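1. take a look and give me a structure for this.
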Amino acid sequence: MTILQLISSEGFYGAESMLVTLSRELEQLGDELIVGVFEDQRNPHTEVAEEAKRRGLIVELLTCQGRLDWSAVRKLRSLLEIHAVDILHTHGYKADIYGYFASRSREIALVSTCHNWPNPAATMQFYAVANRLVLRRFQQVTTPSAKVMQILTQSGISSSNVALIANGVDISRFEDATPTLQKDFNPDSKQIVGIIGRLVNEKGGTVLLEAAKKVLNEFSDVLFMFIGEGEARQDWQAFSQHLGIAASVVFTGSRDDIPGVLASCNIIAMPSFNEAMPMTLLEAMAATKSVIATSVGAIPELIQHNKTGYLVPPRNVEALAEGLLALLRDPTMAQQLGKNGNIRVTEHFSANVMARQYSNVYGKARIGFKEVVRGQKAENN
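-> I've put the predicted structure just below:
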């Protein structure tokens, strides 16, 4: 079976990491995989394409301009024909919309993974409405989030066409990884609290910085590292200066060496205001790191408080600071949480388990597509 995985170049780290991990695992199961990435000329981030190439996958770039670029639709349609694609698996609203138009009149089953849902900002309403409409024409829609699953069914998508599939991680990538941050950012080998992902307000960066100020009063030899890029970076840098802790806060920019990044960190923090099932957290647990995160989305399914990690309420500076201090004060306890987290991810959130679940979804999608075709032929006759 030939599968084209399609994602926008403005994709977010969790979706990108999941897509590449899933694609590699599906190849191991015998499928043929192509990764399609939209290269937006206004914002040409192609990190996912570069990572897919590094992992040995076939990659196709689709140049795209504007809200709906019909030349990109035609290019995608051509790729579907050239590669004789059986399943088009889209990730994100832009891929959903372009994928739907490009696949019309083609014998291709459509599957979408909604990693999250477009935020309620006015600028996103066009995409949210369009996404709801096209997803009703998809044979299968998946999500790692029970909350998003509820939104999908309330949006008019048949519950029989919606599947809840947890993200999975390739554990082997994080075993015995070599630390890569020390040389450039931590020559004094200080302890590192890392936050990895898009630097946007919903990730709770200001909350972490306020908590950092409290932590640094007791542990002055801790570095708080923000690993990634995003629109909130300048504001967070300015806020760290306002708090007087800029010397202990490092912004590394985007990194393509996540196993090495995780190996460099002592604690991974995720103070997000909302999440589905974050790949960053799964990868941190796979790397046997102690993690502290907010109790939002599917995170409580991953972290059992004080057993596989540390949970705190969202937007709560005091709770986050106390959690970080608890981990720093008791390294033995922190290490045990990391070990327990590794066991939980290995047993329940492996890439192989995820890939086999998606293989079942693809089978259902192909059956659903054939039923649609038969129904259309019957109507025409």
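
2. who touches the lengthiest strand in the chain?
-> Longest strand in the chain, counting residues (DSSP state E): strand 32-40. Residues outside strand 32-40 that contact it (CB atoms under 8 Å, 6 or more residues apart in numbering) are 1-10, 19-20, 23-24, 26-27, 46, 48-49, 52, 57-65, 72, 76, 79, 83, 85, 94-95, 98. The way it works is simple: take the backbone N, C-alpha and C, and place the C-beta from them, glycine included.

3. neighbouring strands - and their directions - for it?
-> strand 2-8 (parallel), strand 58-64 (parallel) (DSSP bridges).

4. tell me the most buried of those strands?
-> Across those, averaging neighbours per residue (mean count of other CB atoms under 10 Å) puts strand 2-8 on top, at a mean of 25.

5. buried residues in the longest helix seen in the chain?
-> Longest helix of the chain, by residue count under DSSP state H: helix 351-380. For helix 351-380, the neighbour count (16 or more other CB atoms under 10 Å) marks 351, 354-355, 357-359, 361-362, 364-366, 368-369 as buried.

6. packing partners for that helix?
-> helix 13-28, strand 87-91, strand 109-113, strand 140-143 (3 or more CB pairs under 8 Å, 6 or more residues apart in numbering; DSSP states H and E).

7. over the longest one, what's the mean pLDDT, rounded is fine.
-> Think helix 13-28. Helix 13-28 carries an average pLDDT of 89.

8. per-domain residue ranges of this structure.
-> The record's domain parsing of the chain by automatic domain parsing lists 2-168+350-380, 171-348.

9. which stretch in those domains has the least confidence?
-> domain 2-168+350-380 (a mean of 86).

10. ok, back up a step: dump the longest strand of the chain to CSV, keeping only the CA atoms.
-> The C-alpha trace of strand 32-40 is given here as CSV (Å, rounded to 0.1, in the frame of the first residue of the first chain):
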residue,chain,number,x,y,z
GLU,A,32,5.5,2.5,0.8
LEU,A,33,5.7,6.0,2.2
ILE,A,34,6.1,9.5,0.7
VAL,A,35,6.2,12.6,2.9
GLY,A,36,4.6,15.7,1.3
VAL,A,37,5.5,19.1,2.8
PHE,A,38,4.0,22.5,1.8
GLU,A,39,6.8,25.1,1.4
ASP,A,40,5.0,28.4,2.2
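
11. quick one: contacts for residue 201?
-> So residue 201 contacts 232, 273 (CB under 8 Å, 6+ apart).

12. any idea how far residue 94 is from it?
-> 21 Å (CB to CB, to the nearest Å).

13. swap in residue 108?
-> Taken as CB to CB, the span from residue 108 to residue 94 is 18 Å.

14. and what of residue 199?
-> Separation of residue 199 from residue 94 (CB to CB) stands at 21 Å.

15. do residue 317 as well
-> For residue 317 relative to residue 94 (CB to CB), the value is 35 Å.

16. these two: who's more crowded?
-> residue 94 (24 against 19; other CB atoms under 10 Å).

17. ok, the closest residue in space to residue 293 that isn't next to it in sequence - contacts?
-> Closest residue to residue 293 apart from its sequence neighbours, by CB to CB, 6 or more residues apart in numbering: residue 270 at 3.9 Å. Contact analysis of residue 270 by CB under 8 Å, 6+ apart lists 195, 197, 203-204, 278, 280-281, 291-294, 299.

18. next: residue 345.
-> So residue 345 contacts 169, 171, 282, 285-286, 302 (CB under 8 Å, 6+ apart).

19. just those residues: which are in helices?
-> Per DSSP H, these map to helices at 282, 285-286, 302.

20. let me have the strands paired with strand 32-40 in CSV, extended by distance to residue 329.
-> Putting the strands paired with strand 32-40 into CSV (distance: least, CB to CB, whole Å) gives the following:
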stretch, distance to residue 329
strand 2-8, 41
strand 58-64, 46
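
21. among those, which is nearest residue 190?
-> Across the strands paired with strand 32-40, residue 190 has its closest neighbour in strand 2-8 (35.7 Å, CB to CB).

22. list the contacts of the closest one.
-> For strand 2-8, the surrounding residues in contact (CB under 8 Å, 6+ apart) are 15-16, 19, 22-23, 26, 31-38, 40, 48, 76, 79-80, 83-92, 94-95, 98-99, 362.

23. try stretch 82-91
-> By CB under 8 Å, 6+ apart, the list of residues contacting stretch 82-91 from outside reads 1-8, 11, 15, 18-19, 32, 34, 79-80, 96, 98-99, 102-103, 108-113, 115, 358, 362, 365-366.

24. any idea how far residue 64 is from residue 246?
-> To residue 246, residue 64 is 38 Å away according to CB to CB.

25. repeat for residue 166
-> Residue 166 is 38 Å from residue 246, by CB to CB.

26. residue 199 too?
-> Residue 199 is 16 Å from residue 246, where distance means CB to CB.

27. residue 204 now?
-> 19 Å.

28. ok, those two, which is more surrounded?
-> Neighbours per residue (other CB under 10 Å) separate residue 204 from residue 246, with residue 204 holding more: 25 against 14.

29. what's the more buried one sitting at in phi/psi?
-> Backbone torsions of residue 204, given as degrees, to the nearest 10, read phi 80, psi 30.

30. show me what residue 39 is bridged to.
-> Going by DSSP bridges, residue 39 forms beta bridges with residue 63.

31. how many neighbouring residues does it have?
-> 17.

32. now do the helix or strand hosting residue 334: distance to the chain's middle.
-> Residue 334 belongs to helix 331-348 when assigned by DSSP states H and E. Relative to the centre of its chain, helix 331-348 is centred 21 Å away, using CA atoms, centre = their mean, to the nearest Å.

33. nothing else from me, thank you.
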